[in-house]
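Q: Predicted model follows, preceded by the sequence.
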Amino acid sequence: MTNFKHMHAAHCESGVVSSLITHQGFQISEAMAFGIGNGITFAYLPIIKLDGMPLIAYRMPPKHIIKTITKRLGLTLNIKKYKDAKSAKEDLITMLESGKLVGLQTSVYWLPYFPQDMRFHFNAHNLLAYGIKDDKFLISDPVFDTPQEVGIDELDKARFAKGVFAPNGACYTIEGVSKDIDLKKAIKKAIKKTSGMMLYNFMPWIGINGMKSMKKAILKLENNKDKRYRSLYLGHIIRMQEEIGTGGGGFRLMYAAFLSEANKFFDSNELTEASKMMTDAGDAWRMFAFATSKVCREKEHSLDDIVSKLDEAIQKEHQTYKFLRSIKL
Amino acid sequence: MKKNDTPQDNICTHRGVKKALYISNDDGSYDIEPSSGWEIEELATMQAVEEFKRLEKEAFEQYIKQEKSPLEVWMYKRRMTLKTLSECTGFWQISIKRDFKYKRFLRLKPSRLAVYADVFDITQSELLDPTKLEQ
């Protein structure tokens, strides 16, 4: 494929969706895809463990964005899964030779071009294959600033990794993109849904309530004598917030970009106002990460600073969603 | 975050890769700014990496003393926990724990060894002897 342009994005799933749709002639930015796909959330689930740590997520589970956005914009999502690596590979080659842009689900740990220290067992990393050259797949991984090349056999392990979210060679294409997609309607629905989930979810682990639960869990660390656990726990929060392609501040800054971009579809300037509030919340989350890192490094022993920074972030984000609920779009 | 606040700490975990961060401009618009990393992110990532290395080293010392099987060394080397390994192999955690015993591991059926070797992407002889690898 000659006319494909690699796009650098913060998050893999929204980046892939945005590329897939934009490539077919309907310009949609990553932030817009993330917002309409209802990518943002907050979940603190102590019952589900990841490497011995509770699940903390600043975004919806894998595949949520792609499923939501295709549904909301009336597009068709074709997902194919395979039993063996050989047929998956042959099929991918056929699709690429017919000029299609294909999304792939892979495991981060087994991708040959990933830096060694960033490899962990996460099976739902999305990337795009856009061509074949000299027995190599041309790969556009949205979280990398440049396109990559991977030998034809080197993707097998990543596409057929086992365990939670096992990809089973999943590959997907999006069809039905036309010029007359109604973004305005989709934006309205998406904002309503997201703010509702963050404010009014009845479960104590989701949304603003989830943040408060995490605060309680941090306060409990004060009495925990195991220094290493405490440090790992706090490091885990930072990783979920800043390391795994979030665009900064645990996706909050990306959501702010979405709100600002969405504003041009409406007459009033309220969404710009909301995007500023969201940026403040995102920056507060970053300050929280900074305070947390001090305790991780044992430069600081008291948890007071962390908790007050977290409180500030929670409060700012709470205000933003309340404001989003109050405006009439 | 403004453009000037974008961290450019050239962190070691990135190996030169740039990550996209969202920044706000003075006119209220937003842009993607490539970042060579934030030191806080490096700290958190390295902490997780080091923790696996520490566990691997511990397991390796016990393997040399013939107290633990090489399976545990490989598990941590591949950055897995008991839970991850159980999910990847389809074996129960309790049965994997039994395989951590040195003597029992040597008596395992080749078919079971093959499953482990496949999950770690190594040969069976490598699985039985982790000393072949650089420590």
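A: Structure received.

Q: Return the per-residue confidence for residue 60.
A: Since no chain was named, I'll use chain A. On pLDDT, A:Met60 comes in at 92.

Q: that answer is for a different chain, and I need it for chain B
A: Confidence score, pLDDT, at B:Phe60: 93.

Q: near chain A at all, the helix or strand harbouring it?
A: B:Phe60 is part of helix B:39-64, with elements assigned from DSSP states H and E. Yes: remark: helix B:39-64 sits within contact range of chain A at B:40-41, B:43-49, B:51, by Cβ under 8 Å from any Cβ of the partner chain. (C-beta placed from N, C-alpha, C; glycine too.)

Q: Contacts only, for the nearest residue to A:Ala274 once chain neighbours are set aside.
A: Once flanking residues are discounted, A:Ala274 sits nearest to A:Leu259: 5.0 Å by Cβ to Cβ, 6 or more residues apart in numbering or on different chains. Residues in contact with A:Leu259 (Cβ atoms under 8 Å, 6 or more residues apart in numbering or on different chains) are A:35, A:191, A:271-272, A:274-275, A:278.

Q: Tell me which residues of the longest strand anywhere in chain A come out buried.
A: Secondary structure assigned by DSSP state E gives strand A:40-50 as the longest strand of chain A. Neighbour-count burial for strand A:40-50, counted by 16 or more other Cβ atoms under 10 Å in any protein chain shown, picks out A:40-45, A:50.

Q: For it, which outside residues touch it?
A: Applying Cβ under 8 Å, 6+ apart, the external contacts of strand A:40-50 come out as A:34, A:54-60, A:194, A:197-198, A:205-208, A:210-211, A:213-214, A:217, A:236, A:250-252, A:254-255, B:83.

Q: how about 6 Å then?
A: A:54-57, A:60, A:194, A:205-207, A:210-211, A:213-214, A:251, A:255 (Cβ atoms under 6 Å, 6 or more residues apart in numbering or on different chains).

Q: Among the residues you listed, find me the one that's closest to A:Phe144.
A: A:Phe251 (18.5 Å; Cβ to Cβ).

Q: And B:Leu113, how close does it get to chain A?
A: Look at B:Leu113 and chain A: by Cβ to the nearest Cβ, to the nearest Å, they are 16 Å apart.

Q: For that residue, which non-adjacent residue is spatially closest?
A: Distances taken as Cβ to Cβ, 6+ apart put B:Gln124 closest to B:Leu113, at 5.3 Å, once the chain neighbours are dropped.

Q: likewise A:Lys162?
A: Closest to A:Lys162 by Cβ to Cβ, 6+ apart is B:Cys88, at 4.3 Å.

Q: which ones are touching that neighbour?
A: B:Cys88 neighbours (Cβ under 6 Å, 6+ apart): A:162-163, B:119.

Q: Mark which of these are part of helices, please.
A: B:Val119 (DSSP state H).

Q: hang on, the earlier thing: let's have the residues of helix B:39-64 next to chain A in TSV, adding distance to A:Phe4, neighbour count and pLDDT.
A: TSV is the format used below for those (distance: Cβ to Cβ, whole Å; neighbours: other Cβ atoms under 10 Å in any protein chain shown; pLDDT from 0 to 100):
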residue	distance to A:Phe4	neighbour count	pLDDT
B:Ile40	34	26	91
B:Glu41	30	25	90
B:Leu43	36	19	91
B:Ala44	34	27	90
B:Thr45	31	25	91
B:Met46	35	16	91
B:Gln47	38	20	90
B:Ala48	34	20	90
B:Val49	34	17	92
B:Glu51	40	18	92
